[in-house]
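Engineer: Okay, sequence plus prediction incoming.
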Amino acid sequence: RRYPHAYQVWRPQFDQIPLDNTRASGVDVREGASVTRVIFEEDIAVGVQLEYAGGGSAELRSRHLVDASGQAGIIGHNLKLRENDPGFRNLAIYGYWEGAASLPEPDATNIFIEAYEHGWMWAIPLHTGVMSVGAVVDSKRGQDGIRAAGAPAFYTAQVESSAHTRGMVSHAQLVDGPFVIRDWSYTSTSVTGPGYVLCGDAACFIDPLFSTGVHLALSSGLMAAAYVTTAL
């Protein structure tokens with residue numbers, strides 16, 4: 001079956017939906033807490049150490065641990081499982097604009113992708129009226145440019161270098177950002193081990209566009225649930 005459409009979603013709202021559903025399903029959800037350490041005993045993951053934003057800490061034990069810590073990749077970094085893809089050493093710099101011009105109908109809600117001299121750009125309209133505009137360039141070029149001019153000036157230069165995107169934001173206002181992400185394409189040499197499984201960005205990441213991250217998070221989360229159920 002073909003699906004000739006997609007959805008642009010506001011991630012804070014989108015992510016809140018499964019979190020609330022998890023809590024409603026009886027899961028002990030603890031917000032405002034950070035995992036600072038995975039506890040291993042005889043090389044088996046047996047729990048985590050938490051620190052709360054308001055102070056204090058706790059140790060939680062588990063029969064099986066699912067690492068869904070995103071690009072922080074707590075277990076992957078701890079066990080040195082992560083490998084960057086040498087063919088995708090890129091840097092993305094992006095921000096959010098109010099008042100940007102959309103594409104002409106019937107494409108007003110579609111993503112716009114544009115190649116330019118130094119890489120490619122995206123423009124993603126959100127239902128809030130804000131547009132996400134980003135540039136992807138070679139990692140070294142981006143880091144050198146940001147180091148020399150600063151992130152805001154480098155970002156502005158990329159937008160101005162585009163043929164069409166600059167016109168879409170010519171009368172718009174940058175209201176958030178720019179933000180920088182670099183060297184994002186990676187995999188893990190293993191996504192399972194004694195007492196644990198990695199899923200989502202904690203396991204691998206391909207590209208910041210086309211929702212591959214969301215797809216991998218949801219599909220690997222489903223597989224992780226089946227894996228843990230089977231293991232237990």
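Structural biologist: Cool, the structure landed. Numbers count the residues shown, from 1 in each chain.

Engineer: As a quick check, tell me the outermost residue of the protein.
Structural biologist: The C-alpha centroid of the chain is most remote from residue 42, which lies 32.3 Å away (Cα atoms, centre = their mean).

Engineer: where's that one relative to residue 79, distance?
Structural biologist: Residue 42 sits 14 Å away from residue 79, going by Cβ to Cβ, to the nearest Å. Heads up, the C-betas are built off the backbone N, CA and C, glycines and all.

Engineer: for the record, mean pLDDT for the longest helix seen in the chain?
Structural biologist: Identified as the longest helix of the chain according to DSSP state H is helix 212-231. In this model, helix 212-231 has a mean pLDDT of 89.

Engineer: Extract the C-alpha set from that helix and format it as CSV.
Structural biologist: Taking Å, rounded to 0.1, in the frame of the first residue of the first chain, the C-alpha atoms of helix 212-231 are listed here in CSV:
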residue,chain,number,x,y,z
THR,A,212,14.3,8.1,9.8
GLY,A,213,15.0,8.8,13.5
VAL,A,214,11.3,8.6,14.4
HIS,A,215,10.9,5.5,12.3
LEU,A,216,13.9,3.7,13.9
ALA,A,217,12.8,4.8,17.4
LEU,A,218,9.3,3.4,17.0
SER,A,219,10.2,0.2,15.1
SER,A,220,13.2,-0.6,17.3
GLY,A,221,11.2,0.1,20.4
LEU,A,222,8.6,-2.4,19.3
MET,A,223,11.4,-5.0,18.5
ALA,A,224,13.1,-4.2,21.9
ALA,A,225,9.8,-5.0,23.7
ALA,A,226,9.5,-8.3,21.9
TYR,A,227,13.2,-9.0,22.6
VAL,A,228,12.9,-8.3,26.3
THR,A,229,9.6,-10.3,26.6
THR,A,230,11.3,-13.3,25.0
ALA,A,231,14.4,-13.0,27.1
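
Engineer: Flag every buried residue along that helix.
Structural biologist: For helix 212-231, a neighbour-count test (16 or more other Cβ atoms under 10 Å) marks 213, 216, 217, 220, 224, 227, 228 as buried.

Engineer: any weak-confidence spans in this protein?
Structural biologist: Filtered on pLDDT under 70, the chain yields the residue ranges 183-184, 207-211.
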